[in-house]
Structure formats: C-alpha cells, structure tokens
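Visitor: Here's my sequence, what's the structure:
(2 chains)
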Amino acid sequence: DAKTTQPPSMDCAEGRAANLPCNHSTISGNEYVYWYRQIHSQGPQYIIHGLKNNETNEMASLIITEDRKSSTLILPHATLRDTAVYYCIVRSPYNQGGKLIFGQGTELSVKP
Amino acid sequence: GEEVAQTPKHLVRGEGQKAKLYCAPIKGHSYVFWYQQVLKNEFKFLISFQNENVFDETGMPKERFSAKCLPNSPCSLEIQATKLEDSAVYFCASSHSLILAGNDQGGELFFGEGSRLTVL
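Guide: Below is the predicted model of the structure:
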C-alpha cells in the first residue's frame, strides 16, 4: 500500500513555480522520498529523490520537512510540458524488494 | 542500450490467446521490474528480477502470468489465455542497483514507454 497522500489535482500558471505537496507521516528512518511523473501515457520519469536534506537538480527541488513527515516538490518555472501526473513515493531499498509503490498522484495542469 | 526498450508497443489479442511482451533493460542494469497500469494513476507491481533470478514476485497473479529474464536475451512477460481484464499498459523498468546512499544516483528506476495490450 502507498504510504503517501497527495492532492488529486492542481493547477499552475505557466512560468510560475509549481509546489506539489506530499504527506508521508509514517515514513521510517531508512526510507527515501522519490518523485516521478507520468506525462500523458508515457513511462514514468524519475525527477528527484532525497532522504533528509533538501535536494535540487536540473528538473526540480525537493524540500523535506525536518520531521520528514511531509515534502514539497518544486518546479521553479512550470511550462506546458510539465503537465503530468506527479507521484510522491516512499521507498526503502531494504524492504519490499526496493520496488516503487505508486499512489494516486497529483494531476498537475499547467495553463497558459 | 541507453534506454529501456519495450516491444511491441501495441498488441491485440482475442480472449484466450497468449500474449508475450518483451523488455530490454539498460545495459549494465541488474534489476528489472514489471508493472501493470490498467487505469490512469493506478500502477500495480507484478514482479522484479535481479539478473536472471526472480527477486520479488509478490504482485504476480498466481495463474496465467509468467516472466523470465534469461542471459543475453530481453526479459519477457507472458500471459497465457488472456482475459478482458488483462487489457492494460505493461511497463518495464530497470535499475542499476537498489542501494541508495545520499545522492547516489544508482538506485532510481528507469521506465520504458510501455506495451499496450488490448484483449478483445
């Protein structure tokens, strides 16, 4: 079962930052927070992951609260091509075979 | 290769026929995962392999579904005697490792574009 809670949908204006929240209140110490997205019907695409510290890469930033019970994915300047379903996933390399367990995700619509 | 390659992109089968899907993982990746997406936003894990060995098969249906990863061959997912409810997009993913350490980029899964199975 997915261990995360995300809003089902969000809108964002093109060029603005998109902030996608995720609750993972039962996360344990060795579990990472991963973000993936699925654009239309393509294969899920890796975005970013983190354990405790905030992370940034060329696609996005990940802000994890100090208690690790929630996180926010930030797309700094959303474009129309960022319209997708975004999945926040809690993953342990040691349990459940290291697989990704997808929840319902957040459907992000970036509007002109 | 540099990406996960899945074939065929589309497959249509009559109920009761066999369906076989293929997945070539990224070169050098040791882990292969299969997922089934029936409805939008719903991914079901089926099975994973570590090289040619089954690693986790907790999601595999007990009947009609089988999978293999043989050396020097694409991995395969086979469905015997397909049913209407097997209609879905089947995604394959590969990973270099499962070990995650800090910013280690070796643990993420890379997905293929999927194979859409339609059972009529």
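Visitor: ok, now which ones touch the closest residue to residue B:94 other than its chain neighbours?
Guide: Take residue B:94 and drop its neighbours on the chain: the residue closest to it by CB to CB, 6 or more residues apart in numbering or on different chains is residue B:25, 3.3 Å away. All C-beta spots, glycine's among them, are computed from the backbone N, C-alpha and C. By CB atoms under 8 Å, 6 or more residues apart in numbering or on different chains, the residues touching residue B:25 are B:4, B:31-32, B:75, B:92, B:94.
Visitor: Filter those down to the ones in strands?
Guide: B:31-32, B:75, B:92, B:94 (DSSP state E).
Visitor: Check the gap between the residue nearest to residue B:94 and chain A for me.
Guide: As judged by CB to the nearest CB, to the nearest Å, residue B:25 and chain A stand 13 Å apart.
Visitor: Would you check how far apart the spatially most central residue of chain B and chain A are?
Guide: In chain B, the centroid-proximal residue (CA atoms, centre = their mean) is residue B:34; its distance is 2.7 Å. For residue B:34, the distance to chain A equals 10 Å [CB to the nearest CB].
Visitor: and that residue, that one's in a strand?
Guide: Yes: assigned with DSSP: H, G, I helix; E, B strand; the rest coil, residue B:34 falls within a strand.
Visitor: tell me the contacts of the residue lying closest to it once chain neighbours are set aside?
Guide: Spatially, and ignoring its direct neighbours in sequence, residue B:34 is nearest to residue B:46 (4.3 Å; CB to CB, 6+ apart). Residue B:46 sits next to B:34-36, B:57, B:59-61, B:65, B:67, B:77, B:90 when contact means CB under 8 Å, 6+ apart.
Visitor: Read off the pLDDT value for residue B:46.
Guide: Listed pLDDT for residue B:46 reads 96.
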